[in-house]
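Enquirer: Okay, here's the prediction I keep looking at, along with the sequence it came from:
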Amino acid sequence: MVCDDVAVVPPIDPLAALRALRESGARPAALIGSWGGFDALLAPAPELASGRMPDGAPWLGVLGYPDVRADDARLLPQVVGGDPGPLLRRDGAGWHGELPRAHGGGRPWHATWRGPDPAAHSAAVHACKEAIRAGDVYQVNVCTRFDGRLVGDPLDMFCDIVARTAPRKSAFLQGDWGALMSFSPETFLTERDGHVAEHPIKGTLPRSEPPEALRASMKDVAENVMIVDLVRNDLGRVARIGTVRAPGLLRVEAAPGVWHLVSHVTAELRPGVTRDQLLAATFPPASVTGTPKIAARERITQWERHTRGSYTGAVGIDHPVTGLDLNVAIRTVEWAPGGTMRLGVGGGITIDSDPAAEFQECLHKAATIVSATHL
Ligand SMILES: C=C(O[C@@H]1C=C(C(=O)O)C=C[C@H]1O)C(=O)O
């Protein structure tokens, strides 16, 4: 195609399209990777408001982790969502919807991060192992946090990190309340025509290790299977009897910087189950809480030093063209106007956990985000 100074070619790369939408003055949202049968969904001007949950109408947004520590306030509202409006969608056949005609270039940004406190994390891991020994819990996902500052527009940080790392389920949301940059590899929950699925991840090794080592690790396999059982239990509360299945167990998949073990659990919803009931049965996600779930959530609030915020909640969409499709909001950066950022990291703790190795695993999970600079 021939371009001159004035001719403008519609961008076909979703990240270029996202940047072009910014030039039009709107505050676009984006879901990029694998979402409801599409590899990119762009909402040029979504109507996002604090507190709006999925209720069966078209919805795009974030559901933050519900629990808070009394001494650590949230950075962003717990729930932000609303009507995505017209969606630009890209699949194997190309784009559906009219792409912006503007050209959207990148702008420089600079992020600085302070890492989590190893001693506090280690204390939480020890407390967890004691609780497992006492028979209170079997596994708890124990988390900590990086704190950061961004000079620049979070949209540019999001685009550069997605371009470099291609997470399976990345998402970008923004508003007066702040912004969310989600670089998640994990699908939490999908639903379409009564078919429901969860794809829990549990088991992690850095990409420098051979992937076979993950399937050979008793600890990682046990961690995953415990969470599959919890997911089966969660879905069983809203599924037709006899329909909960685990058709794929312990598959090794590549994610930015790490290998993961991924399992797949499916079910048929009982007729009449509402979005509210489905989320009440399954949210917050099994893989980022622990088992038994209620006990694990109580312990998390005692042992972790930080309110998780959006981290370990879910980001996604509920729409006639995609069905319900939510990620687990891990590898997810919260940004508040002014530049403060938070990035939670954590992992499943079992009786076999070594505190130092668990801390190292947190660093591996964060590495592709906290080491990123403007390209
Ligand atoms: C909690 C995180 O990840 C979760 C814990 C995992 C593990 O323990 O192996 C793997 C994927 C996630 O379900 C995180 O990335 O912060």
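Expert: Yep, that arrived.

Enquirer: what about Ala120, how many neighbours?
Expert: Number of residues near Ala120 (other Cβ atoms under 10 Å) recorded here: 15. The C-beta positions use only the backbone N, C-alpha and C, and glycine is treated the same way.

Enquirer: So it belongs to a strand, correct?
Expert: No: using DSSP: H, G, I helix; E, B strand; the rest coil, the assignment for Ala120 is helix, not a strand.

Enquirer: Identify the residues contacting it.
Expert: Counting by Cβ atoms under 8 Å, 6 or more residues apart in numbering, Ala120 touches Thr144, Arg305.

Enquirer: what's the distance between it and the ligand?
Expert: To the ligand, Ala120 is 16 Å away according to Cβ to the nearest ligand atom, to the nearest Å.

Enquirer: Which helix or strand contains the nearest residue to Val244 once chain neighbours are set aside?
Expert: Leaving out its chain neighbours, the residue that sits closest to Val244 by Cβ to Cβ, 6 or more residues apart in numbering is Ala267, at 4.4 Å. Here Ala267 sits within strand 258-268, counting by DSSP states H and E.

Enquirer: and that strand, how far out from the chain's middle?
Expert: 14 Å (Cα atoms, centre = their mean, to the nearest Å).

Enquirer: now do stretch 85-102
Expert: Mean-position distance between stretch 85-102 and its chain equals 23 Å (Cα atoms, centre = their mean).

Enquirer: quick one: buried residues of that stretch?
Expert: If you call a residue buried by 16 or more other Cβ atoms under 10 Å, then stretch 85-102 has these buried ones: Leu87, Leu88, Arg89, Arg90, Trp95, Leu99, Pro100, Ala102.

Enquirer: can you list the residues of the protein near the ligand?
Expert: 141, 143, 186, 201-204, 260, 287-288, 328, 330-331, 344-348, 365 (Cβ under 6 Å from any ligand atom).

Enquirer: and if we set it to 5 Å?
Expert: Applying Cβ under 5 Å from any ligand atom, one finds that the chain approaches the ligand through Ile201, Lys202, Thr204, Ser287, Ile330, Val345, Gly346, Gly347, Gly348, Lys365.

Enquirer: picking that back up, list the contacts for the residue nearest to Val244?
Expert: Counting by Cβ under 8 Å, 6+ apart, Ala267 makes contact with Val196, Ala197, Leu235, Gly236, Val238, Ala239, Arg240, Thr243, Val244, Arg245.

Enquirer: Mind doing that once more with 7 Å?
Expert: Going by Cβ atoms under 7 Å, 6 or more residues apart in numbering, Ala267 touches Val196, Leu235, Ala239, Thr243, Val244.

Enquirer: Out of these, list just those in strands.
Expert: Those of the contacts of Ala267 mapping onto strands are Val196, per DSSP state E.

Enquirer: Can you add distance to Gln360, neighbour count and pLDDT and give the contacts of Ala267 back as TSV?
Expert: Listed next are the contacts of Ala267 as TSV, based on distance: Cβ to Cβ, whole Å; neighbours: other Cβ atoms under 10 Å; pLDDT from 0 to 100:
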residue	distance to Gln360	neighbour count	pLDDT
Val196	35	25	98
Leu235	33	25	98
Ala239	38	22	98
Thr243	40	16	98
Val244	35	20	98
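
Enquirer: per-residue pLDDT, the residue nearest the centre of the chain?
Expert: In the chain, the C-alpha nearest the mean C-alpha coordinate belongs to Ala329, at 2.3 Å (Cα atoms, centre = their mean). pLDDT for Ala329: 99.

Enquirer: circling back: nearest to Pro14, out of the buried residues of stretch 85-102: which one, please.
Expert: Arg90 (6.1 Å; Cβ to Cβ).

Enquirer: right, and the closest one touches Trp35 too?
Expert: No: applying Cβ atoms under 7 Å, one finds Arg90 not in contact with Trp35, separated by 10.1 Å.

Enquirer: For the stretch 251-375 of the chain, which segments count as strands?
Expert: Per DSSP state E, counting those that start in this stretch, the stretch 251-375 of the chain carries strands over the ranges 258-268, 290-291, 314-319, 323-328, 332-335, 340-349.

Enquirer: Run me through the strand neighbours of the longest one, direction for each.
Expert: It stands for strand 258-268. Using DSSP bridges, the strands paired with strand 258-268 are strand 195-198 (antiparallel), strand 201-206 (antiparallel), strand 245-255 (antiparallel).

Enquirer: chain center to the last one, what's the gap?
Expert: Spelled out, it's strand 245-255. On Cα atoms, centre = their mean, the centre of strand 245-255 falls 17 Å from that of its chain.

Enquirer: The first one too?
Expert: Between the mean C-alpha point of strand 195-198 and the mean C-alpha point of its chain there is a distance of 17 Å (Cα atoms, centre = their mean).

Enquirer: thinking again about what came up before, in JSON lines: the strands of the stretch 251-375 of the chain, plus distance to Glu223.
Expert: Below are the strands of the stretch 251-375 of the chain laid out as JSON lines (distance: least, Cβ to Cβ, whole Å):
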{"stretch": "strand 258-268", "distance to Glu223": "8"}
{"stretch": "strand 290-291", "distance to Glu223": "10"}
{"stretch": "strand 314-319", "distance to Glu223": "21"}
{"stretch": "strand 323-328", "distance to Glu223": "15"}
{"stretch": "strand 332-335", "distance to Glu223": "21"}
{"stretch": "strand 340-349", "distance to Glu223": "5"}
